[in-house]
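Participant: give me the fold of what follows.
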Amino acid sequence: MSAIIAPEVPTNPLAKLGWILADSWTLTLRGLSHWARNPTQILAGLAFPILMVLLFGGIFGSGMQVEGGGDYMDFLMPGMFVMSMAFGIGETMAGVTADASKGVTDRFRSMPMSAASVVIGQSIVNMLYSTVVLMILMGCGAIAGWEWTGSFGEAVGAFGLLLLLRFALLWVGIYLGLVISTPEAASAVYTLLFPLGIVANTFASPEMMPGWLAAIAEWNPLSSTAHAIRELFGNPGVGGTSWIAEHAMLMSFVWPLAIFLVFFPLAVRKYRALSR
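Facilitator: Now for the predicted structure:
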């Protein structure tokens, strides 16, 4: 493979910032054009959470109990919103791995393009995609009987917490996509997301789990966000006597921040280290 020629970086800080933003926007448009040519991506991303809503809410819902009482569909939907954000890791990872396996990543690195703009552009596309998926999933939940009893401002806050979690987790997907060499390996890693999404308070309250499993579920980062948005939406399932449950709103900010601080520099460093 031919050597990668490092792009010339502007020395002026403002010019460098403009360079990064322009490249990021170009790559964002590239990602959006993929949507236009392949709209089935959104449908595929929605298939699993909608199937889970139908399975647990429609079939098993009548037999499920919510700790403290309440309608199970109202308990389930916030968990599904969180789970859809978590499963975005696999979608991000698959996209990054596909670009790397096709030589697109090396092509970007040989162009006069900011290294940061590649991962920033990828993150913008994924955030737009996740926003669309989340809005559609909320609409499907409303049709299925889910509703919130909080204020509009609280609902907007819950939506923001979900996107904050997604923003943090997408850097996990970008990093793993750069580390994993083939789409086949990425598909294998995707299966590991199931325990992450299920061993949490997404489908059932930790109070109804065995003690050791309840502790794992409560300290799962997804559980803090799910607990916090249930509180903001006014949905059942809010409570618990453990420290992590009592501080779920705080931890819904702390967990994403910690994940971002770890995986953002890892993703940028890994991208810059490719093909050296």
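Participant: so, low pLDDT: which residues of the stretch 151-276 of the chain?
Facilitator: Within the stretch 151-276 of the chain, the segments meeting pLDDT under 70 span 181, 183, 274-276.
Participant: all helices in it, in order from the N-terminus.
Facilitator: Taking DSSP state H, counting those that start in this stretch as the criterion, the stretch 151-276 of the chain carries its helices at 152-179, 183-190, 193-198, 211-218, 221-233, 243-246, 248-273.
Participant: nearest to residue 107, of those helices?
Facilitator: Of all the helices of the stretch 151-276 of the chain, helix 248-273 sits nearest to residue 107, with 13.4 Å by CB to CB. (Glycine included, C-beta is placed from N, CA and C.)
Participant: thought residue 144 was touching residue 53?
Facilitator: Yes: contact status for residue 144 versus residue 53: in contact at 6.0 Å, counting by CB atoms under 8 Å.
Participant: who touches both of those two?
Facilitator: By CB atoms under 8 Å, 6 or more residues apart in numbering, residue 144 and residue 53 have these common neighbours: residue 77.
Participant: coming back round to it: of the helices of the stretch 151-276 of the chain, which stretch is the most buried?
Facilitator: helix 221-233 (a mean of 26; mean count of other CB atoms under 10 Å).
Participant: pull the contacting residues for residue 204.
Facilitator: residue 64.
Participant: rewinding a little: which of the helices of the stretch 151-276 of the chain sits closest to residue 85?
Facilitator: Judged by CB to CB, the one of the helices of the stretch 151-276 of the chain that comes nearest to residue 85 is helix 152-179, at 4.2 Å.
Participant: packing partners for the helix or strand containing residue 133?
Facilitator: Applying DSSP states H and E as the criterion places residue 133 in helix 115-144. If you count contacts as 3 or more CB pairs under 8 Å, 6 or more residues apart in numbering; DSSP states H and E, helix 115-144 packs onto helix 13-37, helix 40-52, helix 72-101, helix 104-110, helix 152-179, helix 248-273.
Participant: who's more crowded, residue 144 and residue 53?
Facilitator: A direct count of neighbours by other CB atoms under 10 Å for residue 144 and residue 53 places residue 53 higher, at 21 against 16.
Participant: what's near enough to touch the more buried one?
Facilitator: 76, 77, 80, 140, 141, 144.
Participant: could you do residue 206 as well?
Facilitator: 213, 214, 215, 217, 218, 223, 240, 245.
Participant: go again with 6 Å.
Facilitator: 214, 217, 218 (CB atoms under 6 Å, 6 or more residues apart in numbering).
Participant: quick revisit: closest to residue 173 among the contacts of residue 53?
Facilitator: residue 80 (19.1 Å).
Participant: burial check on that closest one, number of neighbours?
Facilitator: 26.
Participant: I'd like to know how far it sits from residue 97.
Facilitator: Applying CB to CB, to the nearest Å, the value for residue 80 to residue 97 is 26 Å.
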